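> Need a 3D model of the sequence below.
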Amino acid sequence: MTYVEAELNSQPECWARVAADADAHKDALPAVGERVAIVGCGTSYFMAQSAAALRERSGQGETDAFAASEFPYGRPYDRVVVLTRSGTTTEVLDLLDRLRGHTRTAAITADPHTPVMERADDVAVLGFADERSVVQTRFATTALTLFRAHLGLHTDAVVADARTALRSPLPEGLVDCTQFAFLGRGWTVGLANESGLKMREAALAWAEAYPAMEYRHGPISVTTRGTATWMLGEPPEGLARQVRQTGGLWVAGGLDPLAELVRVQRLAVAVAAARGLDPDRPRHLTRSVVLTPADPDAR
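All right, here's what the predicted structure looks like:
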């Protein structure tokens, strides 16, 4: 079993644990009414998108999400929360340095022995969800579960759905598809973006992600036999029928959307295996992106 498989299989237990301990991390999480930005890189950025949409929809305050490299420093926030599994990512540390003394910052991380511990004002360490794999699975979803629990949006049913996602077979023919599109609405747009990233990272697959109705405004034109279109959450009326008319495979997300992401993670591993790839060794990727002065892009 690969590291990725072992870690994605442990997610129900990680989610249950972080939900039970959510109050212990409340100092690092936004208070009601605060104007907040949630920031990350790669997978963490997509979890930030979902967390921001959930918080704003729940009425707890205006909430934005940004890639750390694209943070708008001229925009005022009461708090900036960074998601960083490694605690060493260059863009995240630079962001925290620039905000020090001006904006309250918090970090959600997996490793307590990294520079982020000294750079952020508040820190939540989810060490039990740390990973050996380069490709993120359980840390990201556990961090998002922490936000859901803090917002009062997590239930035991979500954990039960995750267990269902792990034991239920993937739809017939899905692994053989050559093109994948993932769709979301509201907070699940971030999950759709993450789904596409997982397929690209682990399986080198042609994978895209869109807000569900945006898929109808152009991208559906390349959908055909051999294409899988996977909806995370409730689809817009009529979209499933329109996708089926193209000859593509429609995958309905019947579980909690975060549990549907677990199914996508399983798909990424399965497609990698079918293509003779090792998902623990994704091409050109490392656990953390750390730029040094020798890197041309660092100057």
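> all contacts plus neighbour counts: C-alpha atoms, from now on.
Noted.
> Taking the centroid of this protein, which residue is nearest it?
Central residue of the chain (Cα atoms, centre = their mean): M47, 3.7 Å from the mean position.
> isn't that one right next to A140, touching?
Yes: the pair M47 and A140 passes the contact test of Cα atoms under 8 Å, sitting 6.6 Å apart.
> for the stretch 151-299 of the chain, which spans come out with low pLDDT?
Per-residue confidence for the stretch 151-299 of the chain (pLDDT under 70) gives these ranges: 283-299.
> if we can go back for a sec, per-residue pLDDT, the residue nearest to the centre of the chain?
The model reports M47 with a pLDDT of 98.
> For the helix or strand it falls within, which outside residues touch it?
Counting by DSSP states H and E, the element that carries M47 is helix 43-57. Defining contact as Cα atoms under 8 Å, 6 or more residues apart in numbering, one finds that helix 43-57 is touched by 37-40, 61-68, 83-85, 136, 140-141, 143-144, 147-148, 151, 186-191, 193-194, 197.
> Let me see the mean pLDDT of the helix or strand hosting A140.
When elements are assigned from DSSP H and E, A140 belongs to helix 138-150. Helix 138-150 shows a mean pLDDT of 98 in the predicted model.
> after that helix, next one along is what?
helix 156-167.
> Keeping just the C-alphas, turn whichever helix or strand comes after that following helix into PDB.
Using DSSP H and E, the next helix or strand after helix 156-167 towards the C-terminus is strand 179-184. Coordinates of each C-alpha in strand 179-184 appear next as PDB, following Å, rounded to 0.1, in the frame of the first residue of the first chain:
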ATOM      1  CA  GLN A 179     -10.500  13.000 -19.400                       C
ATOM      2  CA  PHE A 180     -12.100  14.100 -16.200                       C
ATOM      3  CA  ALA A 181     -14.100  17.200 -15.300                       C
ATOM      4  CA  PHE A 182     -15.100  18.100 -11.700                       C
ATOM      5  CA  LEU A 183     -17.900  20.400 -10.900                       C
ATOM      6  CA  GLY A 184     -18.900  22.300  -7.800                       C
END
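> How far does stretch 128-142 stretch from one end to the other?
The first and final residues of stretch 128-142 sit 10 Å from each other (Cα to Cα, to the nearest Å).
> Determine how far that stretch lies from the middle of the whole chain.
With Cα atoms, centre = their mean, to the nearest Å as the basis, the distance from the averaged C-alpha position of stretch 128-142 to the chain average is 10 Å.
> Pull out the buried residues from it.
Across stretch 128-142, burial judged by 16 or more other Cα atoms under 10 Å covers 129-131, 133-142.
> ranges for the strands of the chain?
36-40, 63-67, 79-84, 104-109, 122-125, 179-184, 206-211, 227-231, 249-251 (DSSP state E).
> Among those strands, which comes closest to A272?
Shortest distance between A272 and the strands of the chain, using Cα to Cα, is found for strand 206-211: 12.3 Å.
> the inter-axis angle of the closest one versus strand 227-231?
Between the axis of strand 206-211 and that of strand 227-231 there is an angle of 30 degrees, by axes from the mean of the first three to the mean of the last three Cα atoms, to 10 degrees.
> What strands flank strand 206-211, and is each parallel or antiparallel?
For strand 206-211, the paired strands and their directions (DSSP bridges) read strand 179-184 (parallel).
> quick one: R281 and V134 touch, right?
Yes: taking Cα under 8 Å as the definition, R281 is a contact partner of V134 at 7.3 Å.
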